[in-house]
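Peer 1: Structural data only, the sequence is not supplied:
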DNA sequence: CATTTTGTATACCGAACGGTATATTAATCT
DNA sequence: AGATTAATATACCGTTCGGTATACAAAATG
């Protein structure tokens, strides 16, 4: 790993553990075994570091979501695929996933929030699109695609959040396909399944 | 309002807007038109201020939830009541509600997170209890009460989150009973209703 | 080989951080 | 009235904040 990558990794760990605002630039470079000018050389600013981190890590997930949402298939299939992708993203780096969520829920004025927001807006819009493609087939959706999209993403996330509260370290193995199917099922058909 | 209450109100507004860590004690007292020793006289520390704020605002909501969760009735009725209470809590002070969520999603090491966590644990456990009381009647729940509880709270919250993203200011009126019923319905019976 | 570009470090900036020692005023109690 | 307590302010503490001016070494480029 080169110094740029080291800085991003250290920053991610610290942002996750202490929160973006609470982490000092000094702290990041100390963990990386480097000095401040090096960080400023690569990223220009603290928020620049975060932005680079988001760009390199979130974009791949987002493109997978886009593809799944655009692929014309059964809604259940689509939702399952979206669940699968999201779980994989979570498992790839739990810290990063939870950091994203923390940033999403941080204050509006906060520049860290403003940095993640566009990514979540696009994520959300992709999922809305998936539901909209189904609107024709599901006669009773009557403009509730937005509610469904945010509800679905929320359900998936709640599941991962529970998973993580139970076992923050990656002790347990991968999340099984049946589990994803169970969550998708619950979302689609409710709790009496 | 006495100075203690003024300080809490100002702190809440700032914590909501900028995040707990990003707000300085100086900033709070300036907005309140007071000085630091006054704040430290009442709360002892910055985190003490937050703790007092949580205690005075969250406890009431929590006791309502407890009561609703313990009241023996139809599960649908119970969920509706919980939705109602949560919406009321949200509408009573949207800033405070969103601040709570932001704190819940902040980093584990963060003392602000540690301050809110117990409240959410109790909230969660109350709802688990409500589902557990129904376990006998719902034969197919087989130990999924925890998943349902967090799923339900998540669904309600996602709905409020959408509501707030759409209209952060309290421009629109109260959330209607049918809307709550619709969300509870979606949770219970899925999206094909 | 000379020059430019890339990458890294030392040492510093003013500002803001959370918190406090001390003093003073206003209200309460004896 | 005198003593005590509650409530507020002035002025300060050492530390850390994000960021930078400058210098220097290594590597790429002509």
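Peer 2: Happy to help now that I have it. Being a predicted model, the structure only gives us computed values, none of them experimental. Numbers count the residues shown, from 1 in each chain, chains lettered A, B, ... in the order given.

Peer 1: Next one: the residue nearest to residue A:36 when sequence neighbours are not counted from residue B:41, what distance?
Peer 2: Here the nearest residue to residue A:36 in space, its sequence neighbours aside, is residue A:29; by C-beta to C-beta, 6 or more residues apart in numbering or on different chains that works out to 5.4 Å. (Glycine included, C-beta is placed from N, CA and C.) Remark: distance between residue A:29 and residue B:41 (C-beta to C-beta, to the nearest Å) = 39 Å.

Peer 1: Over to residue A:159?
Peer 2: Taken as C-beta to C-beta, the spacing of residue A:159 relative to residue B:41 amounts to 45 Å.

Peer 1: Repeat that for residue A:82.
Peer 2: Taking C-beta to C-beta as the measure, residue A:82 and residue B:41 are separated by 53 Å.

Peer 1: who's more crowded, those two?
Peer 2: A direct count of neighbours by other C-beta atoms under 10 Å in any protein chain shown for residue A:82 and residue B:41 places residue A:82 higher, at 23 against 13.

Peer 1: what helix or strand is the more buried one on?
Peer 2: Under DSSP states H and E, the secondary-structure element containing residue A:82 is helix A:75-92.

Peer 1: And the next helix or strand past that helix?
Peer 2: Following helix A:75-92 in sequence order, the next helix or strand is helix A:94-104 (DSSP H and E).

Peer 1: who touches that next one?
Peer 2: A:12-13, A:15-16, A:19-20, A:54, A:57-58, A:89-90, A:112-113, A:115-117, A:119-120, A:157, A:160-161, A:164, A:168, A:170, B:105-107 (C-beta atoms under 8 Å, 6 or more residues apart in numbering or on different chains).

Peer 1: Now do that helix: distance to the chain's middle.
Peer 2: Using C-alpha atoms, centre = their mean, to the nearest Å, the distance from the centre of helix A:94-104 to the centre of the chain it belongs to is 7 Å.

Peer 1: still on that earlier bit, chain center to the helix holding residue A:82: distance?
Peer 2: Using C-alpha atoms, centre = their mean, we find the averaged C-alpha position of helix A:75-92 to lie 11 Å away from the chain's own average C-alpha position.

Peer 1: That helix near chain B anywhere?
Peer 2: No. Contact of helix A:75-92 with chain B (C-beta under 8 Å from any C-beta of the partner chain) is absent, the minimum separation being 8.8 Å.

Peer 1: so what secondary structure elements neighbour that helix?
Peer 2: The contact analysis (3 or more C-beta pairs under 8 Å, 6 or more residues apart in numbering or on different chains; DSSP states H and E) places helix A:75-92 against helix A:46-70, helix A:111-135, helix A:145-166, helix A:177-189.

Peer 1: The helix-or-strand element of chain A with minimal mean pLDDT packs against which elements?
Peer 2: The helix or strand of chain A with the lowest confidence, counting by mean pLDDT, DSSP states H and E, is helix A:145-166 at a mean of 90. Packed against helix A:145-166, as judged by 3+ C-beta pairs under 8 Å, 6+ apart, are the following elements: helix A:75-92, helix A:94-104, helix A:111-135, helix A:177-189, helix B:145-166.

Peer 1: and the gap between residue A:149 and residue B:77?
Peer 2: With distances defined as C-beta to C-beta, the gap from residue A:149 to residue B:77 amounts to 28 Å.

Peer 1: who's more crowded, those two?
Peer 2: Of the pair residue A:149 and residue B:77, residue A:149 is the one with more neighbours under other C-beta under 10 Å, namely 23 against 13.

Peer 1: for DNA strand C, what are the nearby residues on chain A?
Peer 2: Applying C-beta under 7 Å from any atom of the strand, one finds that chain A approaches DNA strand C through A:2, A:3, A:4, A:34, A:35, A:36, A:37, A:38, A:41, A:42.

Peer 1: 6 Å instead?
Peer 2: Within chain A, the positions lying close to DNA strand C (C-beta under 6 Å from any atom of the strand) are A:3, A:34, A:35, A:36, A:37, A:38, A:41.

Peer 1: how about residue A:21, secondary structure?
Peer 2: Secondary structure of residue A:21, reduced to three states by DSSP: H, G, I helix; E, B strand; the rest coil: coil.

Peer 1: where are the low-confidence patches of chain A?
Peer 2: For chain A, the stretches flagged by pLDDT under 70 are A:136-143, A:171-173.

Peer 1: what's the domain layout of chain A?
Peer 2: Split into domains by automatic domain parsing, chain A comes to A:1-44, A:54-189.

Peer 1: what's the span of the longest one from first residue to last?
Peer 2: Start to finish, the residues bounding domain A:54-189 are 34 Å apart (C-alpha to C-alpha, to the nearest Å).

Peer 1: That one and DNA strand D in contact?
Peer 2: No. With C-beta under 6 Å from any atom of the strand as the measure, domain A:54-189 is seen stopping short of DNA strand D, the closest distance being 9.4 Å.

Peer 1: Ramachandran angles for residue A:167?
Peer 2: Comment: the main-chain dihedrals of residue A:167 come out as phi -150, psi 80, following degrees, to the nearest 10.

Peer 1: quick one: it and residue A:9, what's the gap?
Peer 2: Relative to residue A:9, residue A:167 is positioned 22 Å away (criterion: C-beta to C-beta).

Peer 1: between these two, which one's more packed in?
Peer 2: A count of neighbours by other C-beta under 10 Å puts residue A:9 above the other of residue A:167 and residue A:9, at 17 against 11.
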